[in-house]
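K.L.:
here is the input, now give the coordinates:
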Amino acid sequence: MKNTRKMILIANFLAIAIVLNLIESAFALSPIPGAKLGFANVITLIILYVYSFRDSTALTLLRVILVGVLSGRLLGPTFYMSLSGAAAAVIAMGIFKKLNIFSILGVSVIGSIFHVFGQIGAGIFVIGSVAVLYWMPLMLLLSIPAGIITGLVARKFVALWDVWYHEVS
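P.N.:
I've put the predicted structure just below:
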């Protein structure tokens, strides 16, 4: 029963992350093409803190793949950049959470920064040019407030998780 409940909750979180990702993709909030605040990363952080690194990794990879399918960008350059950024972010967040050096807010900022590194690395590879490095300073600058915002939202949710989860048990 407990595993079924967990799977249902993670599936619902995955659906929320997909919707957040698709909505955010529809709005250009940044001067950098394709750059977003990363609201779907709130869900990755929540799953990382209330369940596990494995669960947050699976959720994140499924989100990127399903958004790629739904947006028609699967296996295109933006898909690979998104996948690389998400993978770098979730790995960095998992490591820094395990090290227990930073709070969820710090882990979020680190994830946001590593997302940029992953995207730029993939961009160099899929575009075949180091010209994407031109965007890196601005992307890194924007990643810090984005990480703070997503971290604040995730922190609030995680703080409420135990109360909510046990009330519905």
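
K.L.:
can we go C-alpha only for contacts and neighbour counts from here?
P.N.:
Noted.

K.L.:
can you report phi and psi for Gly76?
P.N.:
phi -90, psi 170 (degrees, to the nearest 10).

K.L.:
how about Ser56, what does it touch?
P.N.:
Going by CA atoms under 8 Å, 6 or more residues apart in numbering, Ser56 touches Thr44, Leu45, Ile47, Leu48, Val90.

K.L.:
check this protein and tell me which residue is nearest its centre.
P.N.:
Taking CA atoms, centre = their mean, the centroid of the chain lies closest to Asn41, which sits 3.0 Å from it.

K.L.:
need the nearest residue in space to that one, chain neighbours excluded.
P.N.:
Among residues not flanking Asn41 along the chain, Thr150 sits closest, at 6.8 Å (CA to CA, 6 or more residues apart in numbering).

K.L.:
quick check: buried residues in the longest helix anywhere in the chain?
P.N.:
For the chain, the longest helix by residue count, based on DSSP state H, is helix 136-167. For helix 136-167, a neighbour-count test (16 or more other CA atoms under 10 Å) marks 136, 139-140, 142-144, 146-155, 157-158 as buried.

K.L.:
got it, and stretch 15-28?
P.N.:
Neighbour counts using 16+ other CA under 10 Å place Ala15, Ala17, Ile18, Val19, Leu20, Asn21, Leu22, Glu24, Ser25 of stretch 15-28 among the buried residues.

K.L.:
separation between the third one and Leu152?
P.N.:
So the one you mean is Ile18. For Ile18, the distance to Leu152 (CA to CA, to the nearest Å) stands at 20 Å.

K.L.:
circling back: centre of the chain to the longest helix of the chain, how far?
P.N.:
Mean-position distance between helix 136-167 and its chain equals 10 Å (CA atoms, centre = their mean, to the nearest Å).

K.L.:
then stretch 112-126?
P.N.:
That offset, for stretch 112-126, works out to 13 Å (CA atoms, centre = their mean).

K.L.:
residues contacting it, please?
P.N.:
Contacts for stretch 112-126 (CA under 8 Å, 6+ apart): 77, 80-89, 92, 129-133, 136, 139-140, 143-144, 146-147.

K.L.:
could I have that stretch exported to PDB, CA atoms only?
P.N.:
Presented in PDB, the C-alpha positions along stretch 112-126 are these (Å, rounded to 0.1, in the frame of the first residue of the first chain):
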ATOM      1  CA  SER A 112      20.600  25.900 -11.200                       C
ATOM      2  CA  ILE A 113      24.300  26.700 -11.800                       C
ATOM      3  CA  PHE A 114      25.100  23.100 -12.800                       C
ATOM      4  CA  HIS A 115      22.100  23.200 -15.100                       C
ATOM      5  CA  VAL A 116      23.800  26.000 -17.000                       C
ATOM      6  CA  PHE A 117      27.100  24.000 -17.200                       C
ATOM      7  CA  GLY A 118      25.200  21.000 -18.600                       C
ATOM      8  CA  GLN A 119      23.300  23.000 -21.100                       C
ATOM      9  CA  ILE A 120      26.400  24.800 -22.400                       C
ATOM     10  CA  GLY A 121      28.400  21.500 -22.600                       C
ATOM     11  CA  ALA A 122      25.600  19.900 -24.600                       C
ATOM     12  CA  GLY A 123      25.200  23.100 -26.700                       C
ATOM     13  CA  ILE A 124      28.800  23.000 -27.700                       C
ATOM     14  CA  PHE A 125      28.400  19.400 -28.800                       C
ATOM     15  CA  VAL A 126      25.100  19.500 -30.600                       C
END
